[in-house]
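take a look and give me a structure for this.
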Amino acid sequence: MLELDAHRRALERLDRMIDLDHVASCERAQADMWAGQPPERIPTFISFPAPPDWPRYPFTQCWDDIEKNFMTQMAGVYCGALLQDDRLCTITPEWGVVTIPELFDVPSIITDQGSSMSAGLHDLETVRALIDRGMPDIWHHPHIARLDAFVDFATDVLAGYENLAQVVHMVVPDNQGPFDLAHLIWGAEIFYALHDHPDVVHDLLALTTETYIRFTHYYKRKLGEPLDCGYHICGVKLARGGVRICDDSAMLCSADVYREFVRPYNERAYAPFGGGWLHYCGNGNHVLDQMLATPGINAIHMGNPDHCDLYDLYYRMRAADAILIWSGSLQRLADLRADGGGAHPTGLMVLTENRYAAQDLEGARRDLERVRGYQPIPKAPY
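From the prediction side, this is the model:
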C-alpha cells in the first residue's frame, strides 16, 4: 500500500474529480470511432505536462520504486480529469522500451533524459548464442517480477478509491514489436546483418515475434483483458485488435527489406490478438502501402506525422478501413468536415503531442477548444 501521505491525499482528490458520466461519454466516442459510426465529436487527446501539484518523479527514481512509478503514471489520469478531453484513464508499468530485451539479459541504459534504452549486444556470435538459448523464462525473470509487482500494487491501491477503481485501466507493459526488439537486442549492426547474415536476422525475428506473443498473452491474462481488445497508452481504447506494434527502427529499412524482414513478422504478431494498431516514428511514406496491406493493422499512429498531409492520408486510411490517430498539423481538418457536409469525420482521433503539445493546462484548454472548432493549433519551434 501507499507509504507517503502526500500520495494518499493526491489520489483522494483525484478520486473526487472523476466524472463517471464524462468517462462514459469518452468510451462511446472511441467506440463510435472504431465502429465507423458518425461521431458526436472527434475523439481528442491534448498532451500537456501535469501541474506541479501532482507528485511526479524522474525516470531513474521510478526504476526501483514502484510507488513513485505508479504516481508518475497517474499524472496522466489527473491531466485528463482536469481537462476533460476524450482520453480514457490508462496507466502502464513504465520501464520503457527495454522490457523484453531485459528478459534476454541485454543490459539497459537508464537516464532521466531518454528514459531507457538497450545497450545492445553488437556481436554476431553473441546474438547466435542468444538465439540458440531460445525463449527466455518469462515466468521467473526478475524483470517480470518487477512488472508484476507494479500490477499488483496498482490493483491494490486503486481498489481503495470508489471512482478510480471503476475507470483506471492498466496497459500491457511496453512490448514494442518484432523488428524493434531485434534492433534493441542486437544494436545498429543488425542493419549490416540484413545483407551479410539474413538467416541470422530471420532467426532472431522469429524469436522476438514468439516472445512478443507469449509476453503479451501473459499480461493480457494477468490484467484480465481480452486478447482482441483492450486499453492502451494515451487513453486509447482498442476495439479492433488487442495490441500495438512499434515499427520505429523499421523506418530505416528500404521497402524491399521491410517486405521481407518486417511485414511478415508483424502479421504473425498481430494474428493471435485479432490485429491492433501500428505506431512508428520517422518517415514511413515508402512503406505505408505495405503497412495498410498488412493483415491485422487496423489503425496507425505516426510520431513524426508532418511527413504526411492529413487530408490525403485520411482518405488512404479510410480506403483501407483503418483508423487514423493523428498527431500532426490540423491545417486541413476543416476540409475533412466540409467534405462531409458539416458532419464530423469518422475513423479519426486527434492526439496532440511533441511539437503540438500544450505547455500547461490553460494552453491545453485553448487547444481543445480549437480542435473542437476545427481550427489548427500552433506548432512549437524546435
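
avg pLDDT for stretch 191-208?
For stretch 191-208, mean pLDDT rounds to 98.

likewise stretch 319-335?
97.

ok, stretch 125-144 next?
Mean predicted lDDT for stretch 125-144 stands at 95.

which residues sit against it?
95, 99, 102-105, 121, 185-186, 200, 203-204, 207, 210-211, 214-215, 218 (Cβ atoms under 8 Å, 6 or more residues apart in numbering). The C-beta positions use only the backbone N, C-alpha and C, and glycine is treated the same way.

these in strands, which ones?
Per DSSP state E, strands hold no members of the contacts of stretch 125-144.

for PyMOL, what selects the buried ones among those residues?
In PyMOL syntax, the buried subset of the contacts of stretch 125-144 is picked out as below (16 or more other Cβ atoms under 10 Å):
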select buried, resi 95+99+102+103+104+121+185+186+200+203+204+207+210+211+215+218
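
low-confidence ranges, the chain, go.
Applying pLDDT under 70 to the chain flags the ranges 382.

buried residues in stretch 285-299?
Neighbour counts over stretch 285-299 (16+ other Cβ under 10 Å) mark 287-288, 290-292, 294, 296-299 as buried.

report the two of the residues you listed separated the most.
Largest separation among the buried residues of stretch 285-299 by Cβ to Cβ: Val287 and Asn298, giving 17.2 Å.

how near is the residue most central in space within the chain to Asp105?
Geometric centre of the chain, nearest residue: Ile233, 4.6 Å, by Cα atoms, centre = their mean. Here the criterion is Cβ to Cβ, to the nearest Å. By it, Ile233 lies 26 Å from Asp105.

what helices or strands is the longest helix belonging to the chain leaning on?
Counting residues, the longest helix in the chain under DSSP state H turns out to be helix 198-223. Where contact means 3 or more Cβ pairs under 8 Å, 6 or more residues apart in numbering; DSSP states H and E, helix 198-223 is packed against helix 99-103, helix 124-133, helix 142-158, helix 178-186, helix 190-196, helix 255-261, helix 263-270.

for Pro339, what are its contacts?
Pro isn't right for residue 339; it's Asp. Per Cβ under 8 Å, 6+ apart, neighbours of Asp339: Pro345.

SS state for Gly241?
coil (DSSP: H, G, I helix; E, B strand; the rest coil).

tally of neighbours for it?
21 (other Cβ atoms under 10 Å).

for it, give its distance to Ser25.
Gly241 is 23 Å from Ser25, by Cβ to Cβ.

check Ala358 too.
From Ala358 over to Ser25 (counting by Cβ to Cβ), the distance is 21 Å.

who has more neighbours out of those two?
With neighbours defined as other Cβ under 10 Å, Ala358 and Ser25 compare such that Ala358 has more, 23 against 15.

phi, psi of the more buried one?
phi -80, psi 160 (degrees, to the nearest 10).

for it, which residues are in contact?
Taking Cβ under 8 Å, 6+ apart as the test, what Ala358 contacts is 46-48, 352, 364, 366-367.

list only buried entries from these.
By 16+ other Cβ under 10 Å, these give 46-48, 352, 364, 367 as buried.

out of these, list just those in helices.
364, 367.

how about a markdown table for the buried ones among the contacts of Ala358, with distance to Ile325 added?
Converted to a markdown table, the buried ones among the contacts of Ala358 look like this (distance: Cβ to Cβ, whole Å):
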| residue | distance to Ile325 |
| --- | --- |
| Ile46 | 14 |
| Ser47 | 13 |
| Phe48 | 18 |
| Thr352 | 11 |
| Ala364 | 18 |
| Asp367 | 17 |
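
ok, the buried ones among the contacts of Ala358 vs Thr60, which is closest?
Ser47 (22.4 Å).

re the thing from before, is it true that the residue nearest to the centre of the chain touches Thr90?
Yes: shown here, Ile233 and Thr90 form a contact pair, counting by Cβ atoms under 8 Å, at 6.3 Å.

what is in contact with the two at once?
In contact with both Ile233 and Thr90: Val171, using Cβ under 8 Å, 6+ apart.

distance of the residue nearest to Pro226 when sequence neighbours are not counted relative to Ile323?
Once flanking residues are discounted, Pro226 sits nearest to Gly242: 6.5 Å by Cβ to Cβ, 6 or more residues apart in numbering. Going from Gly242 to Ile323 by Cβ to Cβ gives 14 Å.

the two: who's more crowded?
When Gly242 and Ile323 are compared for neighbours, Ile323 comes out ahead with 27 against 24, by other Cβ under 10 Å.

report the contact partners of that one.
Neighbours of Ile323 in contact, by Cβ under 8 Å, 6+ apart: 33-34, 240, 277, 298-300, 317, 347-349.

assign Ile300 to helix, strand or coil.
strand.

what's the farthest-apart pair in the contacts of Ile323?
Of all pairs in the contacts of Ile323, the most separated under Cβ to Cβ is Arg240 and Leu348 at 14.6 Å.

before we move on, back to that, which one of the buried ones among the contacts of Ala358 sits closest to Cys246?
The closest of these to Cys246 turns out to be Ser47 (Cβ to Cβ; 18.0 Å).
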